[in-house]
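In: sharing a model prediction with you, sequence too.
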Amino acid sequence: MNNTPITFSEHFKLLGIIMDQNLTFVQHSEYAIKKAQNIFKRLCIFIKPTWGIQSENVKIIYRQVIEPIVTYAAEIWHTATNLIKVRDALLSLQRGFAIKIIHGFRTLPTIGSIALAGLTPLPLRIKEIASSEHTKRTKVTKYLPEDILYDKRIPVEDLMHPAKRPEIKITEVFTQDDLDPFYTADMNRVFTDGSKHDEAVGAAVVIYHPDGSETSKKYKLHSSCTVFQAECLAIEQACQLCLSLGLEKSTVFSDSKSALNELMNRSSTNAIISNVQKIVANINEQGHQIHFSWIKAHQGLLGNEAADAAAKHAATLHKQPDFSKFPLSYHLKNLRKDTIATHEQIYLFNCENHRLDEPDPRRPLPEFSGEDPRRKGHKNNSHVVDFSAKPTQRLKLKTASQSRRPDKPGDVSGTKIGQQVRAVQVSYSWEKTIDIFKAK
């Protein structure tokens, strides 16, 4: 162009992602790590082993600043973590922050510092975030069949016009005296509830009509659903019944404040709540009235107890679920379990091999014996110290253990001393470190 040759670039930057010719994203990982390292260097000024910023604040900075920088657009470049040099660079960066979090010295090993800081190795964290973003985009999860879809949010452009969205107010019922005013000649009392027990989820609606008749409906949800989804579904079905039955005046009672608070949000993008607001708008257009009230649970109130019993029975029904959409929390919960399990496998592998790297799937994991792998190869036990003894006693024991050489031929005092030292050996407790991962 204008006698100027245009050369091809080996990589380019687009929306914060550096893309190379082979799409290895090595340059992007180096860019993200360098950006985080610059922050780390400035942070080191205020953090020393014996003084400085508190550990909790350092951990907040790491989680809220460093992790978002490194894991930005992880779904795009997470394949780079399959390369050993990228994993080593990420763990090297994380090791520095882990040592600052625990106020440790720079001689601490990577695996120990990350474990004591209670952090997830960055390569695993990147894959975890990439998996969650993939689920949001594809609406499916690897933990469920593909016909069970993600309960996604409604786009803002698909919501009702703000002028048509109903304004919903909530009253509160604590005792039977608060419930008595609703027993009028023209009031339909609608009680809703959701239940989840042993992976069984159900919802129910119980309507008490003014003429003394009763209507009860039960709904089974997929085992991946939450109690919040069950409560919202019960409210939705209750409003739908009020609309289809043509009830002129009704009050919907629910013991879920979270569901009712979401219902009061006129800009909610929850799919079920948005549909409830549309049904309420249709009821109002017909000239009918519908009100909502929070009722305190497990107080012996007749309608609430009946709805609770019906919801528990609905969860045990042997039929196809009436609602089969999993929440994002279900995917994240199972993903976290897999991450912790992988973390433990890597930990056990590296206790044996002294390397923080992913194990070879072709090689079985070693059996964990609880012994300190650093003892391997030592012959004179000079590295063994009784950590339960006082500092002065430790020095004596260590000095004695080093006096292995007899002073005279046939003198076995050094050997006896060595035997005494070995009798008070305390193996390093690696099991406590593993408990850290299990507690997360």
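Out: Now that the structure is in, tell me what you want to look at. Numbers count the residues shown, from 1 in each chain.
In: on the three-state scheme, Gly194 is what?
Out: Under DSSP: H, G, I helix; E, B strand; the rest coil, the three-state class of Gly194 is strand.
In: so what's the residue count around it?
Out: Neighbour count of Gly194, defined by other C-beta atoms under 10 Å: 31. To be clear about C-beta, it is placed using only N, CA and C from the backbone, and glycine gets the same treatment.
In: that one reaches Gln237, doesn't it?
Out: No: between Gly194 and Gln237 there is no contact under C-beta atoms under 8 Å: 10.7 Å.
In: so what sits against both of those two?
Out: Common neighbours of Gly194 and Gln237 are listed as Ala203 (criterion: C-beta atoms under 8 Å, 6 or more residues apart in numbering).
In: any weak-confidence spans in the stretch 201-350 of the chain?
Out: For the stretch 201-350 of the chain, no stretch is flagged by pLDDT under 70.
In: can you give me the helices in the stretch 51-200 of the chain?
Out: For the stretch 51-200 of the chain, helices defined by DSSP state H, counting those that start in this stretch occupy the ranges 55-61, 67-70, 74-77, 84-102, 110-117, 122-138, 176-179.
In: need the ones you listed in JSON lines with mean neighbour count, can you?
Out: As requested, the helices of the stretch 51-200 of the chain are exported to JSON lines (neighbours: other C-beta atoms under 10 Å):
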{"stretch": "helix 55-61", "mean neighbour count": "15"}
{"stretch": "helix 67-70", "mean neighbour count": "16"}
{"stretch": "helix 74-77", "mean neighbour count": "20"}
{"stretch": "helix 84-102", "mean neighbour count": "20"}
{"stretch": "helix 110-117", "mean neighbour count": "21"}
{"stretch": "helix 122-138", "mean neighbour count": "19"}
{"stretch": "helix 176-179", "mean neighbour count": "14"}
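In: now do the contacts for Ile279.
Out: Neighbouring residues of Ile279 by C-beta under 8 Å, 6+ apart: Glu236, Cys239, Gln240, Leu243.
In: okay, now the domains of the protein?
Out: Following automatic domain parsing, one finds the domains of the chain at 1-151+327-366, 157-325, 375-429.
In: comparing these, which comes out most buried?
Out: Of those, the one with the most neighbours on average (mean count of other C-beta atoms under 10 Å) is domain 157-325, at a mean of 18.
In: so what's the predicted local confidence for Pro373?
Out: Reported pLDDT at Pro373 in the predicted model: 43.
In: related to what we said a few turns ago, which of the helices of the stretch 51-200 of the chain has the lowest average pLDDT?
Out: Among the helices of the stretch 51-200 of the chain, helix 110-117 carries the lowest mean pLDDT, a mean of 86.
In: show me what it is packed up against.
Out: Packing partners of helix 110-117 (3 or more C-beta pairs under 8 Å, 6 or more residues apart in numbering; DSSP states H and E): helix 84-102, helix 328-353, helix 430-439.
In: do you know which of those helices lies nearest Asp158?
Out: Comparison of these against Asp158 by C-beta to C-beta identifies helix 328-353 as nearest, at 19.0 Å.
In: just the angle between the closest one and helix 122-138, please?
Out: Calculated by axes from the mean of the first three to the mean of the last three C-alpha atoms, to 10 degrees, helix 328-353 forms an angle of 160 degrees with helix 122-138.
In: between helix 328-353 and helix 110-117, how many degrees?
Out: Helix 328-353 and helix 110-117 are oriented at 140 degrees to each other (the same axes, to 10 degrees).
In: which elements pack onto helix 328-353?
Out: Other helices and strands packing on helix 328-353, by 3+ C-beta pairs under 8 Å, 6+ apart, are helix 110-117, helix 122-138, helix 430-439.
In: dump the ones you listed to CSV, plus distance to Lys325.
Out: Compiled in CSV, the helices and strands packed on helix 328-353 are given as follows (distance: least, C-beta to C-beta, whole Å):
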stretch, distance to Lys325
helix 110-117, 36
helix 122-138, 13
helix 430-439, 31
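In: out of the ones you listed, which comes closest to Lys319?
Out: helix 122-138 (27.3 Å).
In: pull the residues that contact the closest one.
Out: 67, 70-71, 74-75, 78, 81, 86-87, 90-91, 93-94, 120, 141-142, 150, 152, 328, 331-332, 335-336, 339, 342-343, 358.
In: Pro121 and Leu90, how far apart?
Out: Separation of Pro121 from Leu90 (C-beta to C-beta, to the nearest Å): 8 Å.
In: could you do Leu124 as well?
Out: 10 Å.
In: ok, Asn38 next?
Out: Distance of Asn38 to Leu90, given as C-beta to C-beta: 16 Å.
In: got it, and Ala130?
Out: Distance, Ala130 to Leu90, by C-beta to C-beta: 14 Å.
In: ok, what's across the strand from the closest residue to Asp151 other than its chain neighbours?
Out: If the residues on either side of it in the chain are set aside, Asp151 comes closest to Lys325, at 3.8 Å by C-beta to C-beta, 6 or more residues apart in numbering. With DSSP bridges applied, Lys325 shows beta-bridge pairing to Leu149.
In: where's Leu233, which helix or strand?
Out: For Leu233, the element it lies in under DSSP states H and E is helix 227-244.
In: show me what the helix or strand that that helix is followed by packs onto, helices and strands only.
Out: Per DSSP H and E, the first helix or strand lying C-terminal to helix 227-244 is strand 249-254. Using 3+ C-beta pairs under 8 Å, 6+ apart, the elements in contact with strand 249-254 are strand 188-197, helix 227-244, strand 289-295, helix 302-315.
In: tell me the gap between the last one and the middle of its chain.
Out: Spelled out, that is helix 302-315. Centre-to-centre, helix 302-315 and its host chain are 31 Å apart (C-alpha atoms, centre = their mean, to the nearest Å).
In: so which elements touch that helix?
Out: Packed against helix 302-315 by the contact rule (3+ C-beta pairs under 8 Å, 6+ apart) you find strand 188-197, strand 200-208, strand 214-221, helix 227-244, strand 249-254.
In: what sits up against it?
Out: Contact partners of helix 302-315, identified using C-beta under 8 Å, 6+ apart, comprise 179, 189, 191-197, 200-206, 208, 216, 218-221, 230, 234, 253, 255, 295-298.
In: that helix relative to strand 188-197, how many degrees between them?
Out: Counting by the same axes, to 10 degrees, helix 302-315 lies at 40 degrees to strand 188-197.
In: got the angle for helix 302-315 vs strand 200-208?
Out: Using the same axes, to 10 degrees: helix 302-315 against strand 200-208 is 140 degrees.
In: thinking again about what came up before, adding distance to Cys225, write the helices of the stretch 51-200 of the chain out as a markdown table.
Out: Output for the helices of the stretch 51-200 of the chain, formatted as a markdown table (distance: least, C-beta to C-beta, whole Å):
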| stretch | distance to Cys225 |
| --- | --- |
| helix 55-61 | 33 |
| helix 67-70 | 30 |
| helix 74-77 | 25 |
| helix 84-102 | 36 |
| helix 110-117 | 35 |
| helix 122-138 | 16 |
| helix 176-179 | 29 |
